[in-house]
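In: got a sequence here, can you model it:
(chains A and B, ligands or ions: 3)
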Amino acid sequence: MSFEQDKAEILDACIKCSACTAMCPVAAVNPLFPGPKILGPDAERFRLEGLQIGTTLSYYCSKCKTCEITCPSGVKITEMITRAQEDAKMSEGGKTLQFSIRDYLFGRAEYLGKLATVLPGLTNVLLKAPLFRQILEQTLGICSEAPLPAYHTKFETAEKDRKSKKQVVYFPGCFVTYNDPLTGQAIVKVLKHNGYEVIVPPFHCCGTPLEGNGYLREAQETAKKNLALMEPYMRAGIPLITGCTSCGLALREYPGLAESASELQAYDLFEFLWELQERNEFRKDFKDIQVSLGYHSSCHLKAQGIGTPSVRLLRLIPGVQVTDLDQGCCGLSGSYGFKKEKYHTAMQIGKPLFNRVRQGAANSEFQSVITECGGCQVQIRHGSGIETVHPVWVLMQAYGFFQLLSSGRHASSELV
Amino acid sequence: MKESKVVIIGGGATGVGILRDLSMRGISALLLEQGDLAHGTSSRFHGLLHSGARYAVKDPGSAAECIDENLILKQIAPHCISDTGGWFVQTRDDSPEYVEQWTKACANAHIPISEISPSEACRKEPLMSKDVLRVFEVPDATVDGFKIVWANAKSAKRYGGQFKTYHQAKRLIMENNRVVGVSTKNLLTGEEFMVSCDIVVNASGAWASHVTGSIGIPLDVICDKGTLLAFNQRLFQRVINRLRPSGDGDIFVPHETITILGTTSEFVDSPEENDPQEEEVNKLLEIGRHVLPGIMKNRVIRAFSGIRPLHREDHDVPGVNKEEGRNVSRSFALIDHELQDGIQGLISIVGGKFTTYRLMAEKVSDRVAEKLGSMTPCRTATEDLLPVIPEHLHKKAAQLLPYAPVEKMLERLQEDAESVLTEIQRDPRKGQMLCECEMVSAAEVEKAASDEDTHHLADIRRKTRLGMGTCQGAFCTYRALPLLWDKKEKYDALQDELRNFLNQRWKGIRPVLWGQQLRETELTRAIYASILQVREN
Ligand SMILES: Cc1cc2nc3c(=O)[nH]c(=O)nc-3n(C[C@H](O)[C@H](O)[C@H](O)COP(=O)(O)OP(=O)(O)OC[C@H]3O[C@@H](n4cnc5c(N)ncnc54)[C@H](O)[C@@H]3O)c2cc1C
Ligand code: SF4
Ligand code: SF4
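Out: Numbering: from 1, shown residues only, chains lettered A, B, ... in the order given. Ligands and ions are numbered 1, 2, ... in the order given. Prediction:
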C-alpha cells in the first residue's frame, strides 16, 4: 500500500474519543496546550486544506508518545504532529531563530556528543559554570536550571572477546555513548556473562532526538543508515538489543522504513533477558544483595507495549524488592525539559513522580530508583535528589561485578 | 401588511442573490423562506464552481455562462471560494474521440484548458488512479454554499433588504389577474398573515410549481434527485472530473475539510424526497473507484441528497427516464407570467446552477426594475460581497485562538467577529473548541445560538459547520445544548432539539455504515442511547 493511502487511512481511523488527550501529560499541566487530538488528527484535516494550524503550540508536545499507546485506533498522532512541525518550518513557522538553532542542536545529539567528548573534562566544567549556563539560556534558550547531563569519554566496545556461538548486536544510543559509557559496559558485561558475544557496529543516533525536535525526514534518513549497518546481522538472524527505551521505540519502527520486508528483531535488554529466562538460559548465579528499589517506567518503554520486563526479572534476585512507582511521565522527554520555555512544564509534569520518590525514600520504602531511560534518570535525580540508575546495575551487583549500589553515589553518571 | 415593493419566495442562492441585487438598486424587498436560509438545494449540492468545461460539448450556452460567472465570483467573493483548479482525466474506459470533441468545445466556449502529463498528475494527486491516460487542467473551483448564501443575505441587509426565515408562502393573492401579495405563515408561531407587494418573485427552486400552483398556473419543474458521498478528509487537492459525457458519480470535489463524490440522477415526485439510498451509495462507490482505486478504504462520513429543479419547456416529452435528467438543459428559465399566462406581478426563475446564481439574480432584478421603472443598473458583478475584515481583528483572532482556523471563523462571522472575539478575551474558556472536528469555538456557537434568526440546532450547524465533521455530532451535540438553554424560549424542548439533530445526522450515516464510520456510530450510540438514554420518542 502506498505511503499516501496509508496516511489517509490512519487519519480516518480516529473516532474522536479523546482518550489520547485525557492521558497526555502536557495537557494535564498546561491548560493552553490543546492536546494530541486537536494538534494531531483534528488539525491534520485542516493541514490537508493547506492551513498550518497550531504550529506554535505544537512545540509544547514533548513527543513522549503516551497518546499513541493510548489510542484505541492506532493513530500515529506524534508522527502527524512532527510532520506538521517540519512542514511549518519549511514555510516559516512560529519559532524564533534562537529556538530553531537550539532545536537544531538538540536534534543532533550525536554531533553534540562527538564534540563534547573530545575534551569531556572541559565540557563538564563549562556545563557546571553558572555564567556559561546563563549564556546558554540567553543565547540558545537552554534553561539554566535544567539538569544537563555530564559528558564522558566516549563509550567504546571492550576488548575483542573470543568468539562465542551466540551473538547479539548492541545498540548503545547517544546517552550511553557520550554521557554514560559505564552503563554500556555493564550491559555488555551482563550479556557476555549469559554467553553472548556482543557486536557493536558504528551506529548513528537512533533518530528520536531529531524527531523530537521536529526533523522527521532527517530522522528517517539516519534510521536508514543504521538499517544498512544492521543488514548483514539481520540476514544472519542476530538480534538487536538496546538498553535505552527511546532507542528501543525507534528501532521497533525501523522495519516500516525499510524498502523491502525487514527481518529486524529489536529487543529491549530486559525483554531479551526475560526470553532467556523463559528458555531456561538466563544465568541466576546471584548473590543475596538486600536492596529495595523504586521503579519508574519511562513513556517510551510503555509505548513499546512490552510491559515492564526489568521488574519481572529483578524480582528473581533473592533480596531485591522492587516497587513500581506508577506516577506517569517524568516530564523531561529527551531535550524537552532543557528548553527554557518548557522547563517549568516539565517540572510540573514530573511533580507527582518526584513527590512519590522523595516520600518513598524518606519512609525507607526504597533506597534508590531504577529506570531504563537515561533522560528519566537525570530528571528524577534533579527533581527529587534521589539516586537513579539503569536497572542493569542491579544485575551487575547481583552477579558480583559491582558493589556500591545501595551505599551511596553510583559512578556511572553525574549531575552537572 | 405592506412591507416592500417586492416579495421573494425562497432563501436559496437564487433568492438571496435577488434580494441583494434589488437592495443594491434601492428597491425594497422582503424574502420569505420556509426553513432556514440554504435549507433547500443550496446546501445539498456538490460545491463545485463550474468552469463550464463539463457542459462544453452538450450545452455550450451553459458552458459560456459558467465560465463568465466563475471568473466574476472569484473576484467578488474570494472568501467563499477556494480556487483549487480542476482536472478532467481520461481513464482507459473513456473514449479518445470524446476527448477531441471536448477540447474543441472548450476552445469554442473560451474555457482555458492545458494538458499535463499523467506522471506529473500522479505525483500531484498520489491517491488518484495511476491508469489515467490524459489529464487536462481547467479553472474549476469550489464554493461554500452556506457561506455565500449568508454573505449575500448579510450584504442585502446592509442595503436595507429584509428576510424572514421559517416563513412559508402559503398562497399567492390575486386581484384582477394581478398578484398583489402573499399569504404567509409563520411556521414557528402558526400565525398567518398577508404580505402585499407590487411584484412576487418565485425563487423557490424545486418547489416552484407548488407556488404557482396556488393560483392554478402550471410550471414544468422536474425534481431530479442527486446523491453525494462525503469523505472524511481532503483526498484530492483539486476537483477531479472524468473526461467523458457527463454521467453518474464521476466528479470528486475537495470541499473545506472533506471530499464530495457525486452525483446520481433520478427523477422523484417531490422536493422532500431527499433520503439517500443504499443502492445510490453502492453505485457511486463502484464508479468512483476508477479514479480513486482505494475508495473502499477511504472513510465515508455521510451520504446526502439534493433535488435539482430542472425546467423543461417542452411539455410533450413523454414519460421520464434517468438519462433525461442530464439531457434536460441545466440552463435557467426566467418566466414572466404576464407574458406566458397573462398574470401580472409574478416572475418565476427556475433551473440553473449554483454557479450561475448571480447571473440569474441579475436577469430577474433587471426585469423587476424594468417593471417598477427603476433605472439603477446592476452592480453585483463588481462589488465585493464581503466587507473587509480589519487587520486588527485578524491579529486578535490569531492571538486568542492560536490553534484554530481563525480566518474561516472571521469569514463566517463578518461583522459579528468583533463581539465574539471580545467575549473570548473576557472569558478564555469560550475559546475552547466546542466542535473539535470542524474547530468551532464555544463563543461562536453561543453567538449563533443567540442570533434572532436561529431557531434550531441545525440552523447553528449551517451557520458554523457544527457537527459536520468526522464525528457527525457525537460530541458537539450535547456540548451545544447548554448554550441553547439560555435562550430556550426560542427553541423546541431541548430533548427534541437533541433528538431531531441526531436523527438528521443519522439519516446521512445509515447508508454508509461500515469501517471506521461504523465504529464512530457505535461510540455515538453508547453516548446517547446508553449514557444519555435518548431513545426514539
Ligand atoms: C446533487 C446536486 C449537486 C449539485 N451540484 C452543483 C454544483 O456542483 N455546482 C453548481 O453550480 N450547481 C450544482 N447543483 C445545482 C444547484 O445546487 C442548484 O441549482 C441551486 O442550489 C438552486 O438554488 P435555488 O436557490 O434556486 O434553490 P434552493 O436552494 O432549493 O432554494 C429554494 C428555497 O425555497 C424555499 N421554499 C420553497 N417553497 C417555499 C415556500 N412556499 N415558502 C417559502 N420558501 C419556500 C425552500 O425551502 C428553499 O430553501 C447541484 C444540485 C444537486 C441536486
Ligand atoms: S507525545 Fe506526549 S506530550 Fe505529545 S501530545 Fe502525545 S501525549 Fe502529549
Ligand atoms: S487519536 Fe485515537 S485516542 Fe485520540 S481521539 Fe482519535 S481515536 Fe481517540
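In: tell me which parts of the stretch 1-150 of chain B are close to ligand 1?
Out: B:9-15, B:32-35, B:39-42, B:45-48, B:50 (C-beta under 6 Å from any ligand atom). Any C-beta I mention is one placed from the backbone N, CA and C, and that applies to glycine too.
In: leaving aside the residues adjacent along the chain, what's closest to residue 220?
Out: Just going to use chain A. A:L257 (5.7 Å; C-beta to C-beta, 6 or more residues apart in numbering or on different chains).
In: let me rephrase: I mean chain B.
Out: B:R312 (4.9 Å).
In: try A:C143
Out: Nearest to A:C143 is A:Y343, by C-beta to C-beta, 6+ apart, at 3.8 Å.
In: thought A:A146 was touching the one you found, still the case?
Out: Yes - the pair A:Y343 / A:A146 is scored as a contact, 5.5 Å apart, by C-beta atoms under 8 Å.
In: shared neighbours of these two, anything?
Out: Applying C-beta atoms under 8 Å, 6 or more residues apart in numbering or on different chains, one finds that A:Y343 and A:A146 are jointly contacted by A:G337.
In: between these two, point out the one with more neighbours.
Out: A:A146 (24 against 21; other C-beta atoms under 10 Å in any protein chain shown).
In: just say helix, strand or coil for the more buried one.
Out: Here A:A146 is recorded as coil under DSSP: H, G, I helix; E, B strand; the rest coil.
In: the helix or strand hosting B:A369 - contacts with which helices or strands?
Out: Per DSSP states H and E, B:A369 falls inside helix B:357-372. With contacts defined as 3 or more C-beta pairs under 8 Å, 6 or more residues apart in numbering or on different chains; DSSP states H and E, helix B:357-372 has these neighbours: helix B:13-24, helix B:60-76, strand B:199-202, strand B:332-336, strand B:346-351.
In: in the last one, what's buried?
Out: Within strand B:346-351, the residues that qualify as buried are B:L346, B:I347, B:S348, B:I349, B:V350, B:G351, counting by 16 or more other C-beta atoms under 10 Å in any protein chain shown.
In: closest one to B:L401 out of those residues, please.
Out: If you rank the buried residues of strand B:346-351 by distance to B:L401 using C-beta to C-beta, B:I349 comes first, at 40.4 Å.
In: so what's that closest one bridging to?
Out: Applying DSSP bridges to B:I349 yields these beta-bridge partners: B:L334.
In: so residue 396 is in which element?
Out: All of this is about chain A. Going by DSSP H and E, A:M396 is in helix A:392-398.
In: wrong one, I was asking about chain B
Out: Going by DSSP H and E, B:K396 is part of helix B:391-400.
In: next secondary structure after that helix?
Out: Counting by DSSP H and E, what follows helix B:391-400 is helix B:406-413.
In: check which residues of stretch B:179-190 are buried.
Out: B:V179, B:V180, B:G181, B:V182, B:T184, B:K185.
In: phi and psi next, for the closest residue to ligand 2 within chain B.
Out: Of the residues in chain B, the one nearest ligand 2 is B:Y403, at a distance of 12.5 Å by C-beta to the nearest ligand atom. The phi/psi pair for B:Y403 (degrees, to the nearest 10) reads phi -120, psi 20.
In: and it, what is it in contact with?
Out: Counting by C-beta under 8 Å, 6+ apart, B:Y403 has contacts A:P34, A:I38, A:L39, A:A43, A:I53, A:G54, A:L57.
In: from A:I69, how far off is the first one?
Out: By that I understand A:P34. 20 Å (C-beta to C-beta, to the nearest Å).
In: I appreciate the help and will end here.
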